[in-house]
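Asks: no FASTA, just this:
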């Protein structure tokens, strides 16, 4: 039995009367890929925004099991979710730092660690050896990930100058630099061609298998979802309409109805 | 006595609030449509005040009846000042629509410096004094020892403001132009694809905003009787505060905000401290932006992730 | 085709002329002047006709030029770009020669009192520019009230020096800390505001400080200003022509003839050192995690949050450090002038410093130097034409935003590179 990583119960999000998420409960396991799928406007990204502290959920609970600790995600607001609970995320419309180099993007992701090492800047100003060492380590970690996605040769170029597919991958490994417990990916395959999609699958499986990081995935590209998900949650109009393995999902009449509609 | 004093402050506050409200409409409309703070708007108001001043001086040499003079000056100020608004938009903002986010703001700052110093160079740095145009008024509560007076000028200012407000609200809510404006606020690209001339809509927004500011300028020069090239700076900030207080993007909000700022300023100077009267407006600005950024009638601005 | 173009172009010029007439007719053409305390209008139609003609003809020539250029297609001048490239590649050499030049400047044969004063003024602005560059250029926070920190620095320096008689080197850090504290005090509530709101709130804050200085008479002497601020001394050796009995002064100690230039030269080096410290500090801090976080925040705040970067603290640090350097510059200003009043700290000063940073290229240290030389030079050359120079100044801000929105030096170098680490 897999270990439970994320436990969402009765999550509800209302915007001035509009119910975006309605009493949603699901869970995600460690070293598994959990996909959230559903038609446009089903509330998938809103789930992410609640999880990662960008929105304050109206009701419900979200718990993250971090080693032996049980963290209440609702207690953390915006940046603290990433800093304290180690929940990293990417965005539908890629959010890199376009005018900064690829390596700098990776370094910013290791900010908190480096900030401590630089003695809140004071030690860093005088090049203290401990800080120099930590910084070297951070560069090595960045290089490790860049090697994996094959972007090491472009480390010193502006991130905004990379081709689209590489930007997507960079955003994912940048999120990995915070050493997350849970990685939330918002449509990582959007706009990728078949070859790039395949590479993405490989990267995600690598993160899951080798890094033992749980992944929560929002995706429209069914080839990605079906191929790599261990567990699928289907949303429609903010409600969970189905939950199961990818094989079960394919056959479920509710899911087919939500996607294709019914004849009336 | 206390009541009389209070009433007097109320009357003065409403008058001043009308002036701020008229300027605030320009801020709010421009902000609504292109999402920028038109920093030079306060100076457009100042130009309007100067045009009105010049017009009054010229009419004083003729023997045209007062109501006609007022009407003509109103129109002259609106037309000439609108040209300024239009030109400023064409020169300083239009080329920057696709630039980075602080560019229009800095450009507007530059334009504000240009306008101030241009008027200073052309009209001189000294303050300009205008002889009262409308005199007399009503007085109340004389028996209490402290007279409350409501001048004809104050009545004129408030009535004209209400009249213009009504007309422009109708314009925005009931006409094709207003629809085009509201469409531009939502999505400029889409509006252009629907065959609406976005550039022209934005230009017209600036023209309307500037002409209302010029009316405020005319009121200002009539009410205070003195102006200089620098009045736009403070009045601009206060009117912007009014726009934010009312809810930026909302025209009734701008008017409401203007009224409140006018009242706050007058009551502050009347009851607390006249030296720090400008601090009152600034404090309101800071407090509102921090705790209450949507204002009274604004729409909440949900951060899109 | 040609004829059509000519026709529309003439129409366009006439329209431009008409607009120009509307713009300049009343304001320039009808100058109001007071005669016996009553305003009368002095017509200046010749001037208006002249300006309108220039506008119309100018418009026509521009039309003609763009038409010809479009015919040839593809030909575009890029002087700005080539200057930028040149400076980017030769950056270090230029920086070193500039520093050497500024060190020997006081002893060059043509250097006189006037040039020294301008040198000191430019260095003060360069220092302010570098300080504000942290806030605007790196952290991307448009602060229109920077002069407030300059004022806080100047007044706290002056008050401590006058009332406690402490020396420059003690008061300087105190002034810096005071300014930084004000930075935090202001920054704490306002830094979560969006860019343009932040700009207007900082502007309001700057004005509030000025109004406070004007009206808090017991402390600041209001519009009269503070006088008798102690002049700086050379490590305890004052600059005085007539030393008191037994007192060592700068010239007696070094066995020199007394000259008022000695103090000026000392002040010059003082501000040079302060400015260079600001610069070195900024260059260094940009390469530290905090500096990288500033730039990341400027690029995308939401992405920063998703990576666990605390936006408020990060911005607050930028604000406080920027304010601190403003405070240092303010203490220098106070000790140099020996007199300060709220008049020196108006909004226009903030605007000038913002313009220096923006024109230079946000985040570029060399850019700040270049734009200071250009803008302060411009203001200085036209010093007898008070309002015309400010028109040129404001116009320059608009033109830069239109033609080179990223400033003179737009390229940025990464703060850390992989190649160098390996090599």
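Replies: Great, that's in hand. Because the structure is a prediction, the values reported are computed rather than measured. Numbers count the residues shown, from 1 in each chain, chains lettered A, B, ... in the order given.
Asks: how about the residues of the stretch 101-250 of chain B near chain C?
Replies: B:101-107, B:109-126, B:128-131, B:233, B:237, B:240, B:244 (C-beta under 8 Å from any C-beta of the partner chain). In short, each C-beta sits where N, CA and C put it, glycine included.
Asks: just the buried members of these?
Replies: Buried by 16 or more other C-beta atoms under 10 Å in any protein chain shown: B:102-107, B:109-124, B:128-130, B:233, B:237, B:240, B:244, out of these.
Asks: the residues of the stretch 101-250 of chain B next to chain C in helices, which ones?
Replies: B:103-107, B:109-123, B:233, B:237, B:240, B:244 (DSSP state H).
Asks: what's the residue closest to the geometric middle of chain A?
Replies: Among the residues of chain A, the one closest to the centroid is residue A:184, at 1.8 Å (C-alpha atoms, centre = their mean).
Asks: and the one helix or strand residue C:18 maps to, what's buried?
Replies: Residue C:18 belongs to helix C:2-29 when assigned by DSSP states H and E. By 16+ other C-beta under 10 Å, the buried positions in helix C:2-29 come out as C:9, C:13, C:16-17, C:19-29.
Asks: could you chop chain C up by domain?
Replies: Here the domain parsing of chain C from automatic domain parsing is C:2-67, C:102-410.
Asks: most packed of the ones you listed?
Replies: Across these, averaging neighbours per residue (mean count of other C-beta atoms under 10 Å in any protein chain shown) puts domain C:102-410 on top, at a mean of 20.
Asks: OK, contacts around the closest residue to chain A within the stretch 201-350 of chain C?
Replies: The nearest approach of the stretch 201-350 of chain C to chain A comes at residue C:308, 3.5 Å away (C-beta to the nearest C-beta). Neighbouring residues of residue C:308 by C-beta atoms under 8 Å, 6 or more residues apart in numbering or on different chains: A:79-83, A:111-112, A:178.
Asks: so which of the residues you listed also contact chain C?
Replies: Filtered for proximity to chain C (C-beta under 8 Å from any C-beta), those shrink to A:79-83, A:111-112, A:178.
Asks: now, among these, which is nearest to residue C:277?
Replies: residue A:111 (26.1 Å; C-beta to C-beta).
Asks: mind checking the SS state of the residue of the stretch 201-350 of chain C closest to chain A?
Replies: coil (DSSP: H, G, I helix; E, B strand; the rest coil).
Asks: look up how far chain B lies from it.
Replies: To chain B, residue C:308 is 16 Å away according to C-beta to the nearest C-beta, to the nearest Å.
Asks: next, the residue nearest to residue C:365 when sequence neighbours are not counted: secondary structure please.
Replies: Spatial nearest neighbour of residue C:365, excluding adjacent residues (C-beta to C-beta, 6 or more residues apart in numbering or on different chains): residue C:279 at 5.8 Å. Following three-state DSSP, the label given to residue C:279 is helix.
Asks: contacts only, for the closest residue to residue B:110 other than its chain neighbours.
Replies: In this structure, residue B:110 finds its nearest non-sequential neighbour in residue C:397, 2.9 Å apart by C-beta to C-beta, 6+ apart. For residue C:397, the contacting residues are B:106-107, B:109-110, B:113, C:355, C:358-359, by C-beta under 8 Å, 6+ apart.
Asks: for stretch A:133-150, the distance to its chain's centre please.
Replies: 20 Å (C-alpha atoms, centre = their mean, to the nearest Å).
Asks: average pLDDT across it?
Replies: Across stretch A:133-150, the average pLDDT comes to 88.
Asks: just stretch C:240-255 next, same as before
Replies: 71.
Asks: against chain C, how distant is residue A:159?
Replies: 9 Å.
Asks: give me the neighbour count for that residue.
Replies: 25 (other C-beta atoms under 10 Å in any protein chain shown).
Asks: list phi and psi for the closest residue to it other than its chain neighbours.
Replies: Closest residue in space to residue A:159, ignoring its immediate chain neighbours: residue A:96 at 4.3 Å, by C-beta to C-beta, 6+ apart. As for residue A:96, its main-chain torsions (degrees, to the nearest 10) stand at phi -90, psi 180.
Asks: identify the residues contacting residue A:96.
Replies: Counted by C-beta under 8 Å, 6+ apart, residue A:96 has contacts A:105, A:159-160, A:167, A:170-171, A:174, C:300, C:303.
Asks: around chain A, which positions in the stretch 151-300 of chain C sit nearby?
Replies: So the stretch 151-300 of chain C meets chain A at C:281, C:284-285, C:288-290, C:292-293, C:295-296, C:299-300 (C-beta under 8 Å from any C-beta).
Asks: if we can go back for a sec, what angle separates the helix holding residue C:18 from helix B:103-123?
Replies: Compare the direction of helix C:2-29 with that of helix B:103-123 by axes from the mean of the first three to the mean of the last three C-alpha atoms, to 10 degrees and you get 60 degrees.
Asks: now helix C:2-29: mean pLDDT?
Replies: Here the average pLDDT along helix C:2-29 is 80.
Asks: now swap in stretch C:313-330 and tell me
Replies: 92.
Asks: right, is that stretch up against chain B?
Replies: No - Stretch C:313-330 lies out of reach of chain B by C-beta under 8 Å from any C-beta, never closer than 14.4 Å.
Asks: one step back: quick check: closest non-adjacent residue to the residue nearest to the centre of chain A.
Replies: residue A:89 (4.0 Å).
Asks: list the contacts for that neighbour?
Replies: Residue A:89 neighbours (C-beta under 8 Å, 6+ apart): A:48, A:51-52, A:82, A:175, A:183-186, C:306.
Asks: which one in those is the model shakiest on?
Replies: Scoring these by pLDDT puts residue A:82 last, at 81.
Asks: and residue 219, how many neighbours?
Replies: Just going to use chain A. 24.
Asks: other chain: chain B
Replies: Residue B:219: 26 surrounding residues under other C-beta under 10 Å.
Asks: against chain C, how distant is it?
Replies: 18 Å.
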